[in-house]
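A.B. asks: Give me a 3D structure for the following:
(chains A and B)
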Amino acid sequence: MKNRATEFVGKTIQGYELREPIGAGKKGFAMRAYDPLSANEVVCKFYDRQRIDAGWENEIRKINQLKIPQVVGYLQHTVEVIDGVEYICIFYEYIPGQNLAELVETSPETITLSFVETFLTTMLTALFTMKRRAVVHGDIHAKNIMWSPPDADVYGDRMKFKLIDFGLASERNDLTPRDDFKQIALVAGRLMAAIERSTLSPAQAFFYDELFNYFLRILAEQDKTRLDKVGDPEHLLKQLDEIRLRYVSDHVTDEAESLSDPFSYLNAEQIRANSPLLRALYSDNFPGFNDLYGNNNVILSGPRGCGKTMIFRNMHFGTKLRASNVSADKLETWVGFYVHSQHLYFAFHFRPARRDSHVYDRLIPYYFYLVLAEEVLATLLLAEVRIGEAAVSIENRAAGLLQLFTESFVHFTLPPEGAHTLRHLYDFVMRERKQVRQAIDREEGPAQVSRIRTGDDFLIHFCRELKVFSPLLRSRQIFFLLDDYSMPMISSAVQRRLNPIIFYRGPEYNFKVSAENESVFLFADRKRIEASREYIELDLGLKFLDEIKDTATKANFIREIVNNRLTNTSGVACTELRDILGETPFSWSELARQIREDPHRAKYFGLDVVAELCTGDISVILDLIRQIVTAARVREGFDLTVPLTAPIDAETQDITIKNFSQAFFDNFASQHPDDERLRRIVGSFGNLSHWYVRNRTSLNEGVEVPFQCTRIEIIDDGELRDEREIYFALLRHCGFVRISRGRSQRGTLSRRLFLRRIFVPAFLLSFSRRDSIRWTTEQFRQFIVAPDDFADRYKRSPQPSAQMKIGFENDPHAD
Amino acid sequence: MIPTPIDLPKVQRWSRNFEGSTHLVFAGGFEDVCGAFLDYLPARKASSVSGALAIRYLPFIDRNETHLNLLYDKLAQRGFGRDVVVERVFDRMDPHDSVPQITEYFESLPSDTQLCVDISGMSRLLLLVVLNAAMRRRIPLTIVSAVAKTYEPSAQKYEAAAAAFQQGSVRPEFLCREISKTIALPEFGGMHDVAFPTALVAFAEFNYKRLAKIVADGHFADVVQIVPVPSDPADAWRVNAIRAINRDLITAPTRTLELPADEYVETLAHLEALYRDLRYSHNITVAALGTKLQTVACWLLHAAHPEIQIVFTAPVHFEVDLYTRGVSDFLSVDWTQVTAIERATEMLKNPARAEFIRLTQN
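C.D. replies: Coordinates of the predicted model:
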């Protein structure tokens, strides 16, 4: 039929003004029409009555047999004579949007996996009714399926799919009807071709591959000899659901795991992220856990190997969800979402100077939001599977969350009707993050700024809306557990920009940030971030040194950690560390006296000695115990697999502890470019302390004991100036642990520096903390500049120190 | 896990001629194998070769400089003066600024260029950068890899260190001292998902610290170690040695694969099988610390699956006397049919979709 649509523009039929042609086929054409009286917009299809096949009315009958939301609505039909030609005019509801063929061409970015899933669900739902009512479309293809975006003016509106054009079927003899099921499969395959597989998450990739490998094949199958349930929409809808369930059963497992050696895998990084060992080897009796679990921002620091990652990974909601007995009522009053800073590192590890800083001032937080949102949404999706959808999300409370996304993200489109909100949001966030990351990698950052609408308050609103949407989160505080947020890995430029978000002081969320000592950039933009106001500082090294005064508490913590390991090791008969190491039968002053009398006679052994060697660096202590056990096996045939009759020999322990301590010192700070200087400073102080034990005496309630100083007291509030950098390197690498008595007004030095405990045997010192060397800042500066020279001069000086005794009443080794 | 059959040109002994090649690419390392192929380069007048790219490493190592000058001399003796040899710098420790300059060289080559690329002196990272730049331009190339006469450490050195380790001494390390931080170039940065665990597919080598550093810097849920199997049976002990040195760096390494050191198709087939095994549950990071030819397989894997991240660590200080010596043979791979390489990676990329299209077209 000649397409006369353009000639019809401006004509009026049945009160409708014909406005524009919107499609044409072999038999007719369609126009958008508008009734000014009712302000109603419709589609009018024209067929030349002389040329149309018999049975044309089946098109209308079929639609009226269905009357379902997935099929275009019929309004009326008339016969009109226009310019002498008689037309059958059929009026349908107008569907704003595009057909799927146009969508694939013009906006492929709209097509996500959840889009395809919703498309399939919508079409199968339509096919269910069509099959029940014996209606066949016969000509389904991408142009006959309309996609309609959500109406921004309608609160909570969703995108829709509608089948149109039921006009070609068996009634028209010149065309063979095509199988509706196979055609839907082909359209779905075409939609999926718009998705770049390599951008999908592992779970999405599974779904994507299963759709191609399995689902679309059974959807397209027409041969009943090859498949039981050909063309069964109900069965197909169940199969679609089962793909997701299959993913969970196949890939979200929690396999049992045990250690083969109690002292292997000393760092959390060595324990695979989804291992049940993470929980089994964990103790939440670590010092300071109350601070960490409270509603405040925390910087968790400490020497390498102090268990920061272990703590965070155990606080991670995802880890808890993998436990076999997880349920909503067993969860704490908070929910932790774990993010490792490596996602920021890999995105922004260029030199900031090479980039346009104002662009990255906007991109960095935007990317950070996407990383956090991706983690939250993925974990909530896992929670739906593990503790039930109803406990995690309420679909009809999603409007605020969707509104936030609509306002915050330029490319966000509301989910189709019936879509799963969390999955849709997750699909979007993941894709958006990957696109931004690719642009950053290609140095196309500036072009991305136009997509950024989020302000610094996005996370606040996100958390608020999550609490509306999710019953699980409603009464729980949200913690973001940001691991390894340390300079230089996360540069000061990146931290400066993220810190206003991280150190926010509101009720919506808290950040728990782990970092190496002195490696968080304590400025948010240009404003200094204040301890106690914006965050609480939790230094595990400090906790061990300063806040746990008694050896017994330390020993119990170490015991719990090691005993957990022994219990989780197959074939181990002894599960008590105290039995392995035995007691330490001397006080620290007795140890000091032995050192003074004959350094070679002084022996380090027993549980209390090992506990006192810990400066929070648990993995170091585990490694030491491993070496003691190994040495005992070689020297005396010690065997953990048989019941013990006696602890490991004191001589074996002593040799191993001293060798370990010396080797640790020899490798101290080896990653630092000026490592030799750092070793020289620590070594000089160790030697000076040893000299004091040998040559100076302290008074203790009238009794003379060797002077035992593993601590430097800095008695004024001066500045180190040029030596600041090396000083902070000493702290970062934990040569000394700084015990803060509060930062000074100038933000400079605090006053008390403890020698790291693991170095004590290397320099033949005692563990007593009774005495200290007191220096002015200037003296300390001189010591850093030329440690050996200064120490020599200092030893020769007439008044070597003012001494101070600190009492530790609960310490049985103190006297 | 069944290795996926892949149709790619096989590794062959190099014919020791440069027929068809118009440009050479080599790097100035300090081992004898580096640039050894130049010994067979005919005089300029009698050769199709008209230019070369020489890559100088940073940070500066005296032995590298000496060796590179030696290679320049060899070229000069054959009439290839500095007018036709372009030099680019590659910073092993901080390569971000070096990559664009190397890429730019390949972009500037005429359209009828055919390369002869000597990978013998290339760091694994440089090798990936060079392959990436050349293949992006679709330049036909021949890969040449010289085989050394002797490899370090010797069995005796290893056994002495291993015995000490058994007695509680520190884990033995060879070849280099101090390891860089983990290096990940944007080109091979992959696309990991925040909420999924990452599996590390790690080629192991004699210095465990290179892998340990990656494990420490990363956050891995699983590790698959790949140990290179030398082609010479006399070196077979090295397999168990590398396994022992790298044992227990992380919990539950689900498997260790032993793959031929001088192969890339078989390595790729196994990598692809690993990918298929892990793709639904893990992000995947590959620590490309294997042999040069195994690194070629890593490049192909990444070309097929760009979501995979490839990482490296670089030695800070080489024990230059503890590396290979001499040259015993040359291997080569013919990638002059670029479409064949592209077809092979395309086949790996999205087999599910390709199969669906094939079925529905019938």
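
A.B. asks: Stretch B:220-230 and chain A, any residue contact?
C.D. replies: Yes: shown here: stretch B:220-230 in contact with chain A (C-beta under 8 Å from any C-beta of the partner chain) through B:Phe220, B:Ala221, B:Asp222, B:Val223. (Glycine included, C-beta is placed from N, CA and C.)

A.B. asks: Tell me which two of those residues sit farthest apart.
C.D. replies: Within the residues of stretch B:220-230 next to chain A, B:Ala221 and B:Val223 form the most distant pair, 8.7 Å apart (C-beta to C-beta).

A.B. asks: Show me which of these two is the more surrounded one.
C.D. replies: With neighbours defined as other C-beta atoms under 10 Å in any protein chain shown, B:Ala221 and B:Val223 compare such that B:Val223 has more, 28 against 21.

A.B. asks: Is the more buried one located within a helix, as I assumed?
C.D. replies: No: applying DSSP: H, G, I helix; E, B strand; the rest coil, one finds B:Val223 to be strand, outside a helix.

A.B. asks: Need the per-residue pLDDT for it.
C.D. replies: At B:Val223, the model reports a pLDDT of 83.

A.B. asks: Report the beta-bridge partners for it.
C.D. replies: B:Leu200 (DSSP bridges).

A.B. asks: That one contacts B:Ala199, correct?
C.D. replies: Yes: in this structure, B:Val223 is within contact of B:Ala199 by C-beta atoms under 8 Å, at 7.1 Å.

A.B. asks: so who does the spatially most central residue of chain B touch?
C.D. replies: What sits nearest the mean C-alpha location of chain B, by C-alpha atoms, centre = their mean, is B:Thr295, with 3.0 Å. Contacts for B:Thr295 (C-beta atoms under 8 Å, 6 or more residues apart in numbering or on different chains) come out as B:Ile119, B:Arg124, B:Leu127, B:Leu128, B:Ala288.

A.B. asks: Return the closest of the residues you listed with respect to chain A.
C.D. replies: Closest approach to chain A among the contacts of B:Thr295 (C-beta to the nearest C-beta): B:Leu128, at 15.0 Å.

A.B. asks: wait, isn't that closest one in contact with B:Val311?
C.D. replies: No: in this structure, B:Leu128 is not within contact of B:Val311 by C-beta under 8 Å, at 11.0 Å.

A.B. asks: Report the set of residues contacting both of the two.
C.D. replies: Common neighbours of B:Leu128 and B:Val311 (C-beta under 8 Å, 6+ apart) are B:Phe188, B:Ala288.

A.B. asks: any idea how far the nearest residue to A:Leu186 once chain neighbours are set aside is from B:Ala354?
C.D. replies: Nearest residue to A:Leu186, sequence neighbours excluded (C-beta to C-beta, 6 or more residues apart in numbering or on different chains): B:Thr360, at 6.1 Å. Remark: distance between B:Thr360 and B:Ala354 (C-beta to C-beta, to the nearest Å) = 11 Å.

A.B. asks: now do B:Thr267
C.D. replies: Counting by C-beta to C-beta - B:Thr267 and B:Ala354 are separated by 23 Å.

A.B. asks: And for A:Gln70?
C.D. replies: Here the criterion is C-beta to C-beta. By it, A:Gln70 lies 31 Å from B:Ala354.

A.B. asks: Also A:Ala515?
C.D. replies: To B:Ala354, A:Ala515 is 47 Å away according to C-beta to C-beta.

A.B. asks: out of these two, which sits in the busier spot?
C.D. replies: Set A:Ala515 next to B:Ala354 and count neighbours by other C-beta under 10 Å: A:Ala515 wins out with 24 against 13.

A.B. asks: which residues touch A:Val436?
C.D. replies: Neighbouring residues of A:Val436 by C-beta under 8 Å, 6+ apart: A:Leu363, A:Tyr366, A:Tyr367, A:Leu370, A:Gln448, A:Arg451.

A.B. asks: again, only using 6 Å
C.D. replies: A:Tyr367, A:Gln448 (C-beta atoms under 6 Å, 6 or more residues apart in numbering or on different chains).

A.B. asks: if you average pLDDT over stretch A:246-254, what comes out?
C.D. replies: Across stretch A:246-254, the average pLDDT comes to 70.

A.B. asks: what about the nearest residue to A:Asp649 once chain neighbours are set aside, neighbour count?
C.D. replies: Nearest non-adjacent residue to A:Asp649, counting by C-beta to C-beta, 6+ apart: A:Glu636, 5.8 Å away. Using other C-beta under 10 Å, A:Glu636 has 13 neighbouring residues.
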